[in-house]
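Student: below is the sequence, then the predicted model.
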Amino acid sequence: MIEILQVLIFGIVLGSIITLGAVGLSLLFGILRFANFAHGDMMTVGAYLALVFVAGLGWPIYAAFPMALAGGAVVAIAIDRVLYKRLRRTAPVILLISSFGVGLMLRSLVQFIWGPQSLVYEPGIQFPLEIFGLRIKPDHLVILAGVIILVILLHLFLQYTKMGKAMRAMSDNMDLAEITGIETERVIMWTWALGGALAAGAGIFLAMDTRLQPFMGWNMLL
(Lines give C-alpha, C1' and ligand atoms only; values in the text may rest on other atoms or scores of the structure.)
Protein backbone atom coordinates (compact mmCIF):
# COMPACT_ATOMS: atom_id res chain seq x y z
CA MET A 1 0.00 0.00 0.00
CA ILE A 2 2.83 2.40 0.86
CA GLU A 3 4.41 1.73 -2.54
CA ILE A 4 1.17 2.56 -4.33
CA LEU A 5 0.80 5.83 -2.40
CA GLN A 6 4.43 6.68 -3.11
CA VAL A 7 3.92 6.23 -6.84
CA LEU A 8 0.68 8.22 -6.59
CA ILE A 9 2.58 11.15 -5.07
CA PHE A 10 5.10 11.07 -7.91
CA GLY A 11 2.22 11.00 -10.39
CA ILE A 12 0.50 13.96 -8.75
CA VAL A 13 3.70 16.02 -8.89
CA LEU A 14 4.31 15.21 -12.55
CA GLY A 15 0.64 15.74 -13.34
CA SER A 16 0.72 19.18 -11.75
CA ILE A 17 3.69 20.16 -13.92
CA ILE A 18 1.89 18.93 -17.05
CA THR A 19 -1.23 20.79 -15.91
CA LEU A 20 0.60 24.11 -15.67
CA GLY A 21 2.12 23.67 -19.11
CA ALA A 22 -1.23 22.58 -20.55
CA VAL A 23 -3.04 25.58 -19.06
CA GLY A 24 -0.71 27.94 -20.90
CA LEU A 25 -1.08 25.99 -24.14
CA SER A 26 -4.87 25.87 -23.79
CA LEU A 27 -4.96 29.60 -23.11
CA LEU A 28 -3.22 30.31 -26.41
CA PHE A 29 -5.40 27.86 -28.32
CA GLY A 30 -8.64 29.06 -26.73
CA ILE A 31 -8.05 32.72 -27.60
CA LEU A 32 -5.86 32.62 -30.71
CA ARG A 33 -7.04 29.27 -32.12
CA PHE A 34 -3.39 28.37 -32.54
CA ALA A 35 -1.81 25.07 -31.51
CA ASN A 36 1.67 26.27 -30.61
CA PHE A 37 4.04 23.33 -30.95
CA ALA A 38 6.90 25.50 -29.64
CA HIS A 39 5.21 25.69 -26.22
CA GLY A 40 7.27 22.81 -24.86
CA ASP A 41 10.48 24.53 -25.87
CA MET A 42 9.24 27.69 -24.18
CA MET A 43 9.17 25.59 -21.02
CA THR A 44 12.81 24.72 -21.65
CA VAL A 45 13.76 28.36 -22.22
CA GLY A 46 12.06 29.35 -18.95
CA ALA A 47 13.94 26.67 -17.03
CA TYR A 48 17.29 27.81 -18.43
CA LEU A 49 16.49 31.47 -17.81
CA ALA A 50 16.10 30.61 -14.13
CA LEU A 51 19.48 28.86 -14.32
CA VAL A 52 21.06 32.16 -15.37
CA PHE A 53 20.01 33.75 -12.09
CA VAL A 54 20.68 30.68 -9.91
CA ALA A 55 24.02 29.55 -11.31
CA GLY A 56 25.21 32.82 -12.83
CA LEU A 57 24.19 35.31 -10.15
CA GLY A 58 23.89 33.03 -7.14
CA TRP A 59 20.22 33.80 -6.52
CA PRO A 60 18.00 31.29 -4.70
CA ILE A 61 15.44 29.60 -6.92
CA TYR A 62 12.50 31.40 -5.31
CA ALA A 63 14.06 34.76 -6.23
CA ALA A 64 14.93 33.61 -9.75
CA PHE A 65 11.42 32.22 -10.34
CA PRO A 66 9.55 35.52 -10.98
CA MET A 67 12.41 36.83 -13.10
CA ALA A 68 12.31 33.70 -15.27
CA LEU A 69 8.52 34.04 -15.61
CA ALA A 70 8.98 37.62 -16.78
CA GLY A 71 11.70 36.47 -19.18
CA GLY A 72 9.42 33.76 -20.58
CA ALA A 73 6.70 36.35 -21.15
CA VAL A 74 9.13 38.67 -22.97
CA VAL A 75 10.42 35.86 -25.19
CA ALA A 76 6.87 34.78 -26.09
CA ILE A 77 5.84 38.34 -26.98
CA ALA A 78 9.00 38.87 -29.04
CA ILE A 79 8.39 35.68 -31.05
CA ASP A 80 4.82 36.74 -31.73
CA ARG A 81 5.82 40.27 -32.81
CA VAL A 82 8.63 39.05 -35.06
CA LEU A 83 7.01 36.00 -36.65
CA TYR A 84 3.51 34.93 -35.67
CA LYS A 85 1.90 38.36 -36.12
CA ARG A 86 2.97 38.39 -39.77
CA LEU A 87 1.40 34.95 -40.35
CA ARG A 88 -1.78 35.38 -38.29
CA ARG A 89 -4.01 35.98 -41.32
CA THR A 90 -2.63 33.03 -43.27
CA ALA A 91 -3.89 29.46 -43.22
CA PRO A 92 -3.69 27.79 -39.78
CA VAL A 93 -1.37 25.11 -41.13
CA ILE A 94 1.23 27.81 -41.91
CA LEU A 95 1.25 28.91 -38.27
CA LEU A 96 1.42 25.30 -37.17
CA ILE A 97 4.45 24.55 -39.32
CA SER A 98 6.15 27.79 -38.27
CA SER A 99 5.74 26.83 -34.61
CA PHE A 100 7.68 23.62 -35.30
CA GLY A 101 10.47 25.78 -36.71
CA VAL A 102 10.39 28.12 -33.71
CA GLY A 103 10.60 25.14 -31.37
CA LEU A 104 13.61 23.79 -33.26
CA MET A 105 15.35 27.17 -33.12
CA LEU A 106 14.73 27.56 -29.39
CA ARG A 107 16.01 24.04 -28.73
CA SER A 108 19.14 24.65 -30.79
CA LEU A 109 19.71 28.01 -29.09
CA VAL A 110 19.56 26.37 -25.67
CA GLN A 111 22.10 23.74 -26.75
CA PHE A 112 24.35 26.41 -28.27
CA ILE A 113 24.40 28.54 -25.10
CA TRP A 114 24.31 25.94 -22.31
CA GLY A 115 25.41 22.78 -24.11
CA PRO A 116 23.71 19.39 -24.49
CA GLN A 117 24.61 18.04 -21.03
CA SER A 118 22.21 17.72 -18.12
CA LEU A 119 22.37 20.49 -15.50
CA VAL A 120 20.82 21.14 -12.08
CA TYR A 121 19.93 24.24 -10.11
CA GLU A 122 21.58 23.05 -6.92
CA PRO A 123 24.10 20.18 -6.80
CA GLY A 124 23.88 17.54 -4.12
CA ILE A 125 21.30 15.14 -2.74
CA GLN A 126 18.04 16.43 -1.33
CA PHE A 127 16.97 14.28 1.60
CA PRO A 128 13.23 13.51 1.53
CA LEU A 129 10.82 14.04 4.39
CA GLU A 130 9.31 11.00 6.09
CA ILE A 131 5.53 11.42 6.46
CA PHE A 132 3.58 8.33 7.57
CA GLY A 133 6.15 6.15 5.87
CA LEU A 134 6.04 8.16 2.64
CA ARG A 135 9.19 9.82 1.33
CA ILE A 136 8.42 13.31 -0.01
CA LYS A 137 11.06 15.65 -1.38
CA PRO A 138 10.74 19.28 -0.21
CA ASP A 139 10.84 20.31 -3.88
CA HIS A 140 7.68 18.30 -4.49
CA LEU A 141 5.83 20.36 -1.90
CA VAL A 142 7.17 23.55 -3.49
CA ILE A 143 6.05 22.37 -6.95
CA LEU A 144 2.52 21.52 -5.81
CA ALA A 145 2.13 24.79 -3.92
CA GLY A 146 3.55 26.80 -6.83
CA VAL A 147 1.24 25.22 -9.40
CA ILE A 148 -1.83 25.75 -7.21
CA ILE A 149 -0.93 29.40 -6.61
CA LEU A 150 -0.28 30.14 -10.29
CA VAL A 151 -3.51 28.47 -11.44
CA ILE A 152 -5.55 30.35 -8.82
CA LEU A 153 -3.94 33.67 -9.81
CA LEU A 154 -4.72 32.98 -13.48
CA HIS A 155 -8.32 32.16 -12.59
CA LEU A 156 -8.69 35.39 -10.61
CA PHE A 157 -7.11 37.37 -13.46
CA LEU A 158 -9.47 35.93 -16.08
CA GLN A 159 -12.56 36.30 -13.92
CA TYR A 160 -12.16 39.69 -12.25
CA THR A 161 -9.86 41.92 -14.31
CA LYS A 162 -10.85 44.00 -17.32
CA MET A 163 -8.14 42.38 -19.45
CA GLY A 164 -9.20 38.91 -18.31
CA LYS A 165 -12.78 39.57 -19.34
CA ALA A 166 -11.57 40.87 -22.70
CA MET A 167 -9.57 37.69 -23.20
CA ARG A 168 -12.64 35.59 -22.43
CA ALA A 169 -14.68 37.67 -24.88
CA MET A 170 -12.09 37.09 -27.61
CA SER A 171 -12.16 33.39 -26.83
CA ASP A 172 -15.91 33.35 -27.52
CA ASN A 173 -15.85 35.47 -30.69
CA MET A 174 -12.81 37.45 -31.83
CA ASP A 175 -14.64 39.44 -34.53
CA LEU A 176 -17.47 40.43 -32.21
CA ALA A 177 -14.98 41.41 -29.52
CA GLU A 178 -13.17 43.68 -32.00
CA ILE A 179 -16.45 45.30 -33.08
CA THR A 180 -17.34 46.09 -29.46
CA GLY A 181 -14.12 48.08 -29.05
CA ILE A 182 -11.76 45.55 -27.47
CA GLU A 183 -8.13 46.16 -28.47
CA THR A 184 -7.45 42.74 -29.92
CA GLU A 185 -3.71 43.27 -30.44
CA ARG A 186 -3.31 44.24 -26.79
CA VAL A 187 -5.26 41.18 -25.73
CA ILE A 188 -3.13 38.98 -27.96
CA MET A 189 0.03 40.42 -26.40
CA TRP A 190 -1.30 39.67 -22.90
CA THR A 191 -2.22 36.16 -24.01
CA TRP A 192 1.31 35.47 -25.22
CA ALA A 193 2.75 36.99 -22.04
CA LEU A 194 0.64 34.75 -19.81
CA GLY A 195 1.28 31.70 -21.97
CA GLY A 196 5.03 32.31 -21.94
CA ALA A 197 5.10 32.91 -18.19
CA LEU A 198 3.12 29.75 -17.43
CA ALA A 199 5.37 27.75 -19.76
CA ALA A 200 8.43 29.11 -17.97
CA GLY A 201 6.95 28.18 -14.60
CA ALA A 202 6.20 24.65 -15.77
CA GLY A 203 9.74 24.33 -17.12
CA ILE A 204 11.28 25.46 -13.83
CA PHE A 205 9.18 23.00 -11.84
CA LEU A 206 10.08 20.20 -14.27
CA ALA A 207 13.79 21.03 -13.86
CA MET A 208 13.41 21.01 -10.07
CA ASP A 209 11.78 17.59 -10.25
CA THR A 210 14.30 16.13 -12.72
CA ARG A 211 17.16 17.96 -14.48
CA LEU A 212 17.66 20.66 -17.07
CA GLN A 213 18.00 19.18 -20.55
CA PRO A 214 17.54 20.83 -23.96
CA PHE A 215 14.82 18.33 -24.93
CA MET A 216 12.93 18.40 -21.62
CA GLY A 217 10.11 20.66 -22.83
CA TRP A 218 9.73 18.92 -26.18
CA ASN A 219 9.43 15.54 -24.48
CA MET A 220 6.85 16.98 -22.09
CA LEU A 221 4.84 18.41 -24.98
CA LEU A 222 4.74 15.01 -26.65
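Tutor: Sure thing, it's come through.
Student: what's the closest non-adjacent residue to the most centrally placed residue in the chain?
Tutor: By CA atoms, centre = their mean, the chain has its centre lying nearest to residue 199, at 0.7 Å. Ranked by CB to CB, 6 or more residues apart in numbering and with sequence neighbours excluded, the top spatial neighbour of residue 199 is residue 42, at 3.9 Å. In this view, the C-beta of every residue, glycine as well, is placed from N, C-alpha and C.
Student: swap in residue 218?
Tutor: The nearest residue in space to residue 218 (CB to CB, 6+ apart) is residue 40, at 4.8 Å.
Student: how far away is the one you found from residue 122?
Tutor: Distance, residue 40 to residue 122, by CB to CB, to the nearest Å: 24 Å.
Student: neighbour count: the two, which is higher?
Tutor: Neighbour tally, residue 40 and residue 122, criterion other CB atoms under 10 Å: the higher count belongs to residue 40, 24 against 11.
Student: looks to me like residue 135 is in a helix.
Tutor: No. Counting by DSSP: H, G, I helix; E, B strand; the rest coil, one finds residue 135 to be strand, located in no helix.
Student: show me what contacts it?
Tutor: Shown in contact with residue 135 (CB atoms under 8 Å, 6 or more residues apart in numbering): 6, 128-129.
Student: the residues you listed in strands, which ones?
Tutor: residue 129 (DSSP state E).
Student: lowest-confidence entry in the contacts of residue 135?
Tutor: Among the contacts of residue 135, residue 128 carries the lowest pLDDT, at 72.
Student: is it true that that residue touches residue 139?
Tutor: No. The criterion here is CB atoms under 8 Å, and residue 128 misses it with residue 139 at 9.5 Å.
Student: of the two, which one has the most company?
Tutor: residue 139 (17 against 13).
Student: any low-confidence regions in the protein?
Tutor: For the chain, residues meeting the criterion pLDDT under 70 lie at 124-125, 127.
Student: try it again at 90.
Tutor: Counting by pLDDT under 90, the chain contains low-confidence ranges at 1-7, 9-10, 30-35, 55-58, 85-96, 122-138, 169-185, 210, 221-222.
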